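Colleague: After the sequence you'll find the predicted model.
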Amino acid sequence: MREGDYVEVPGNLIFTVKGLVHPPGLAVAFLRYVPDPAGDRVRDGVRFRRVGGLEESFRLAGELCPRYLVEDPFFGRTVQAVPLREAVSVYLPEKRLRAIAEEGPSDPVEADALSLALELSDLSGVPLERVGISGSVLLELHTPKSDVDLTVYGVGEGLEAYRALRELVERGVVSAYRGRGLEKACRLRWSSSPPVPFEALMRVEARKILQGSFRGRGYFLRLVPDVWERYGEAVHRRVGRCLIRAVVSDDSWSIYTPCRYPVEDARVLRGPDVEVSELVSFRGRFAEQARAGEEVYAEGTVEAVYRDGEVRHILVLEGGGDFMVPLWALKGLAGGRVLPSSQ
């Protein structure tokens with residue numbers, strides 16, 4: 001199972017798969033859609049609603065399927081883990097896109113998804129078989145106003161697709177969010193209200209191209225690498241919440257989901273006094289968040305990672321009040337509720 005896949009279990013509970021590392025027989029996945037008589041999504045006569053965020057996802061999972069909450073010995077945390085033997089349906093983005101291409105789109109949302117996928121494939125040289133459609137279109141739960149969520153698989157393929165996307169922006173085929181569209185997208189992505197001035201988040205979001213508008217419809221492009229650590233080869237242990245200031249030393253993995261940012265000169269401003277070597281996130285909102293050479297503030301959960309007899313510390317950016325923001329984005333703004341002065 002890979003980032004962007006979905007799994008449905010009895011009771012019409014639909015989970016979105018996160019990351020690339022999973023315990024044997026399980027899929028680490030967050031509850032994303034639940035049946036609701038007042039829901040705005042309909043499929044086969046059943047109404048669904050989308051779960052609001054990570055906190056609500058864990059709360060509902062605890063109420064509806066508490067045995068899916070697993071304390072994993074290697075992740076060192078409680079995760080939502082779906083037993084694959086209980087899946088009534090597994091939804092694969094590349095299979096769904098292939099079906100749309102072969103059978104023809106059934107509505108404007110599917111037509112836009114296929115058109116954008118073909119544009120990226122043709123320009124990048126990435127075979128359409130390495131591209132998928134995720135989100136509500138994958139589940140056939142989309143509405144006429146739904147966005148298009150595309151996925152490209154592979155490190156090399158993702159890089160070529162990103163370069164092609166940048167060319168499509170330059171040609172005006174797609175456009176980065178601006179004005180009210182940018183504000184709306186930013187509020188949706190950062191609804192958890194991290195302690196950072198909203199204007200600073202807007203400045204960062206404005207330069208991203210993995211999200212934007214195509215034919216007046218929102219899109220998000222997820223680049224999923226095909227390499228990561230194997231389950232069990234590293235042991236993670238939470239150390240505590242931490243606020244740091246550091247310099248991003250490498251942004252090669254910043255465009256992918258999951259993304260990672262090696263850092264140097266990291267200083268702990270609040271929290272455990274450890275040497276943080278990398279920022280890691282499995283959330284798409286943290287992709288393109290900083291570039292090499294930029295100094296950033298970041299707050300999240302420090303994890304000690306034990307592998308081959310060695311230990312290093314990473315800062316994991318998840319939900320809630322977690323954030324990463326370059327210092328340049330704070331210029332001229334108040335530092336926020338918890339940030340020191342950026343001057």
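Modeller: Cool, got the structure.
Colleague: can you count the residues close to Val90?
Modeller: By other Cβ atoms under 10 Å, 15 other residues sit near Val90. Glycine gets a C-beta too; all of them are placed from N, C-alpha and C.
Colleague: Quick check on it: phi, psi?
Modeller: phi -120, psi 130 (degrees, to the nearest 10).
Colleague: per-residue confidence at the nearest residue in space to Tyr231 that is not next to it in sequence?
Modeller: Nearest non-adjacent residue to Tyr231, counting by Cβ to Cβ, 6 or more residues apart in numbering: Val21, 5.0 Å away. Note on Val21: pLDDT of 94.
Colleague: Output the contacting helices and strands for the helix or strand of the chain with the lowest mean pLDDT.
Modeller: One helix or strand of the chain scores below all others by mean pLDDT, DSSP states H and E: helix 179-189, with a mean of 89. Under the contact criterion of 3 or more Cβ pairs under 8 Å, 6 or more residues apart in numbering; DSSP states H and E, helix 179-189 touches helix 198-206.
Colleague: So the residue nearest to Tyr231 is in contact with Glu233, correct?
Modeller: No: using Cβ atoms under 8 Å as the test, Val21 is too far from Glu233 to be in contact (9.2 Å).
Colleague: and the two? which has more neighbours close in?
Modeller: Val21 (18 against 10).
Colleague: ok now do Ala101, which residues does it touch?
Modeller: Leu114, Ala117, Leu128 (Cβ atoms under 8 Å, 6 or more residues apart in numbering).
Colleague: go on, Val126?
Modeller: Leu120, Val152, Gly154, Glu157, Glu160, Ala161, Ala164.
Colleague: So, low pLDDT: which residues of this structure?
Modeller: Within the chain, the ranges that satisfy pLDDT under 70 run 193, 334-343.
Colleague: possible to save the contacts of Ala101 as JSON lines with secondary structure and distance to Ile14?
Modeller: Output for those, formatted as JSON lines (DSSP: H, G, I helix; E, B strand; the rest coil; distance: Cβ to Cβ, whole Å):
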{"residue": "Leu114", "secondary structure": "helix", "distance to Ile14": "23"}
{"residue": "Ala117", "secondary structure": "helix", "distance to Ile14": "23"}
{"residue": "Leu128", "secondary structure": "helix", "distance to Ile14": "25"}
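Colleague: Among these, which one lies nearest to Leu69?
Modeller: Nearest to Leu69 among these: Ala117, at 35.4 Å, using Cβ to Cβ.
Colleague: Who are the contact partners of that closest one?
Modeller: Ala117 neighbours (Cβ under 8 Å, 6+ apart): Leu97, Ala101, Leu128, Val131, Ile133, Leu150.
Colleague: So the fifth one versus Leu60, what's the distance?
Modeller: Computed as Cβ to Cβ, to the nearest Å, the Ile133 to Leu60 distance reads 25 Å.
Colleague: Dig out what Val70 forms beta bridges with.
Modeller: Val79 (DSSP bridges).
Colleague: State the number of residues packed around it.
Modeller: 17.
Colleague: Ok, Glu183 next?
Modeller: 14.
Colleague: Neighbours of the residue nearest to it when sequence neighbours are not counted, how many?
Modeller: Nearest residue to Glu183 in three dimensions, chain neighbours excluded: Met202, at 6.7 Å (Cβ to Cβ, 6+ apart). By the criterion of other Cβ under 10 Å, Met202 has 17 neighbours.
Colleague: which ones are touching the spatially most central residue of the chain?
Modeller: By Cα atoms, centre = their mean, the mean C-alpha position of the chain lies nearest to Gly284, the distance being 2.2 Å. Neighbour list for Gly284: Leu210, Phe220, Arg222, Thr257 [criterion: Cβ under 8 Å, 6+ apart].
Colleague: Which stretches in this structure count as helices?
Modeller: 54-64, 93-103, 108-124, 135-139, 155-171, 179-189, 198-206 (DSSP state H).
Colleague: closest to Tyr261 out of the ones you listed?
Modeller: Of all those, helix 198-206 comes closest under Cβ to Cβ, at 13.3 Å.
Colleague: Which secondary structure elements does that closest one sit against?
Modeller: helix 179-189, strand 323-326.
Colleague: now that helix against helix 179-189, angle please.
Modeller: Per axes from the mean of the first three to the mean of the last three Cα atoms, to 10 degrees, the angle that helix 198-206 makes with helix 179-189 is 100 degrees.
Colleague: List the buried residues in helix 198-206.
Modeller: Ala200, Leu201, Met202, Arg203, Val204, Glu205 (16 or more other Cβ atoms under 10 Å).
Colleague: Run through who's touching it.
Modeller: 176-178, 182-183, 185-187, 189-190, 194, 211, 289-290, 323, 325-326, 328-330, 333, 336.
Colleague: redo that, cut-off 7 Å
Modeller: Contact partners of helix 198-206, identified using Cβ atoms under 7 Å, 6 or more residues apart in numbering, comprise 176-177, 182-183, 185-186, 190, 289, 325-326, 329-330, 333.
Colleague: picking up where we left off before, of all the helices and strands packed on helix 198-206, which lies closest to Pro93?
Modeller: Checked against Cβ to Cβ, the stretch from the helices and strands packed on helix 198-206 lying closest is helix 179-189, at 20.4 Å.
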